[in-house]
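# coordinates for the following, if possible.
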Amino acid sequence: MLSNYVVVTNPPPPVAGFVGAPTSGVAPLTVYFTNLSIGATDYSWDLGDGHTSTAVNAANTYTNAGVFTVNLTAMNVSGTNTLVLTNYVVVTNPPPVADFAAGPTNGAAPLTVSFTNLSSGAASFSWDFGDGNTSSAVNPANTYSNAGSYTVVLTAIGPGGTNTLDRTNYVLVINPGRLVIAPASLDFGLVETGATAQAALVVSNSGVAALNGSATIPAGSFAVVSGSPFHLLASEWTSVVISFTPASQGVFSEAVVFASNGGDSTNALAGRAIGPPLISPPVLNGNDFTFSFDTLNGFTYVVQYKNSFDDPIWQTLQSAAGDGTPKTITVPLSDALQRFYRLSVQ
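Numbering: from 1, shown residues only. Predicted coordinates for the structure are as follows:
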């Protein structure tokens, strides 16, 4: 009989070994670990970021920047062996990517542009709007006061570095429309009561952008007939026709108000209205005669004559300023065979 003929012993202790790839890069970084251990039956991974595994070949995604130590413990019935690779995985923050959009990017001054930040991986920002103004806001706005073409620069700053985006000639600002009215005022002169007179103001655009506007007059004897509202491109013009229809005698004044995106203007309107004056029959008195007529404030009454209807010009004999009271005029008799008189209201 053979004693202790077969001797069975435990296997040798395991030897832990591994490699990983990639072991450096920007977050998020996925590292694949290849187990090179010898004689092991079980494994315990400590991947350095709080994650563990018991797989043979582990994988781990590092979401944050940092330097990570990886431990692998190989186990069998004879014992354990641990391999520690210090600072084995190096993860860095990704560089920021600067990006933005804006609107509106063209128009007449003053033009307010709102900027939308589309950057990624950044913690702070630096804006240069091209007109001397800057900002550190995330989503700023800028008002361009002068015409020109502006380049906008955004620098995004983050843990992974900086990145700059230039948009050349990104904002185009043109001069606004400019309202010009001529003449400065309208005087309709003397109009018979109940009649209608018309006159026009010329509206022009001396700017670059389109001019949009309108003319208004309070209700009364004056009214806008045509030409309002108006839309004028650069250097264009139009006429705003205004009427004067007095329902009664008197002196009238008003203003037409122009409102536009290229400025406002207030222009004076004036007119006078009168009907035929009431004249009393003449009264002879020796070498002269007298007659009376009603007057109104703001008018001048002129007595004129000529000896023949063929005479081209009426001669002035007397004048009287109206004050709302009747006036009596004494006219000397003429040596002429005949003489014609008239009362002119001015």
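
# quick one: end-to-end distance for stretch 32-39.
End-to-end distance of stretch 32-39 (C-alpha to C-alpha, to the nearest Å): 21 Å.

# contacts for that stretch, please.
Defining contact as C-beta atoms under 8 Å, 6 or more residues apart in numbering, one finds that stretch 32-39 is touched by 11-21, 43, 45, 56-60, 70, 72, 74, 76, 78, 81. For the C-beta atoms, the positions are set from N, CA and C on the backbone; glycine is no exception.

# quick check on the residues you listed: which are buried?
Buried members of the contacts of stretch 32-39, counted by 16 or more other C-beta atoms under 10 Å: 13-14, 16, 18, 20, 43, 45, 58, 60, 70, 72, 74, 76, 81.

# where's the residue nearest to the spatial centre of the chain relative to Pro104, distance?
Residue closest to the average C-alpha location in the chain (C-alpha atoms, centre = their mean): Leu111, at 4.5 Å. Leu111 is 7 Å from Pro104, where distance means C-beta to C-beta, to the nearest Å.

# just Gly250 next, same as before
If you measure Gly250 against Pro104 using C-beta to C-beta, the figure is 51 Å.

# more neighbours, those two?
Neighbours around Gly250 and Pro104, counted as other C-beta atoms under 10 Å, are more numerous at Gly250. The numbers are 16 against 11.

# so how far is Ser226 from the residue nearest to the more buried one when sequence neighbours are not counted?
Using C-beta to C-beta, 6 or more residues apart in numbering and skipping residues adjacent in sequence, the residue nearest Gly250 is Ala273, 6.2 Å away. The span separating Ala273 from Ser226 equals 22 Å under the rule C-beta to C-beta.

# the two: which is more packed in?
In terms of neighbours (other C-beta under 10 Å), Ala273 is the more surrounded of Ala273 and Ser226; the figures are 24 against 12.

# got any ranges where the chain has weak pLDDT?
Under the criterion of pLDDT under 70, the regions of the chain flagged as low confidence span 1-2, 4, 6-8.

# quick one, helices of it?
In the chain, no segments count as helices under DSSP state H.

# domain-wise, how is it divided?
Residue ranges for the structural domains of the chain, counted by automatic domain parsing, are given in the record as 18-92, 100-174, 179-274, 283-345.

# any idea how far Asn169 is from Ile329?
If you measure Asn169 against Ile329 using C-beta to C-beta, the figure is 79 Å.

# just want to know which of these two has more residues nearby.
Summary of the neighbour comparison: Asn169 and Ile329, criterion other C-beta under 10 Å, with Ile329 having more neighbours (20 against 12).

# wait, isn't the more buried one in contact with Tyr305?
No - with the criterion set as C-beta atoms under 8 Å, Ile329 and Tyr305 do not qualify as a contacting pair; they are 11.6 Å apart.

# skipping adjacent residues, who's closest to Thr116 in space?
Of all residues beyond its chain neighbours, the one nearest Thr116 is Ala101 (5.0 Å), with distances taken as C-beta to C-beta, 6+ apart.

# residues near the one you found, how many?
The criterion is other C-beta under 10 Å. On that basis, Ala101 has 12 neighbouring residues.

# any idea how far Pro176 is from it?
Looking at Ala101 against Pro176, where the rule is C-beta to C-beta, the gap reads 25 Å.

# dump the residue contacts of the closest residue to Asn133 other than its chain neighbours.
Distance criterion C-beta to C-beta, 6+ apart; nearest residue to Asn133, sequence neighbours excluded, is Asn142 at 5.4 Å. Under the criterion of C-beta under 8 Å, 6+ apart, the contact list for Asn142 reads 112-113, 115, 127, 129, 131, 133, 135.

# partner residues bridging Asn142?
In this entry, Asn142 is beta-bridged to Val113, by DSSP bridges.

# same question for Phe291.
Taking DSSP bridges, one finds Ile329 as the beta-bridge partners of Phe291.

# wait, it sits on Ser280?
Yes - here Phe291 reaches Ser280: they are 5.8 Å apart, a contact under C-beta under 8 Å.

# and these two? Which one has more around it.
Using other C-beta under 10 Å, the more surrounded residue of Phe291 and Ser280 is Phe291, with 17 against 12.

# against Ser344, how distant is the more buried one?
Using C-beta to C-beta, one gets 14 Å for the distance from Phe291 to Ser344.

# now do Ala21
In terms of C-beta to C-beta, Ala21 sits 112 Å off from Ser344.

# now for Val303, how many residues are close by?
The burial count assigned to Val303 is 20, neighbours taken as other C-beta under 10 Å.

# wait, Thr245
The number of residues packed near Thr245 is 18, by other C-beta under 10 Å.

# and if you look at Ala195?
11.

# report the contact partners of the nearest residue to Phe299 once chain neighbours are set aside.
Distances taken as C-beta to C-beta, 6+ apart put Gly322 closest to Phe299, at 4.2 Å, once the chain neighbours are dropped. Contact criterion C-beta under 8 Å, 6+ apart gives 295-301 as the residues in contact with Gly322.

# buried among these? Need that as a selection in ChimeraX.
Under the burial definition 16+ other C-beta under 10 Å, those of the contacts of Gly322 that qualify are selected in ChimeraX by:
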select :295,296,299,301
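
# alright, calling it a day.
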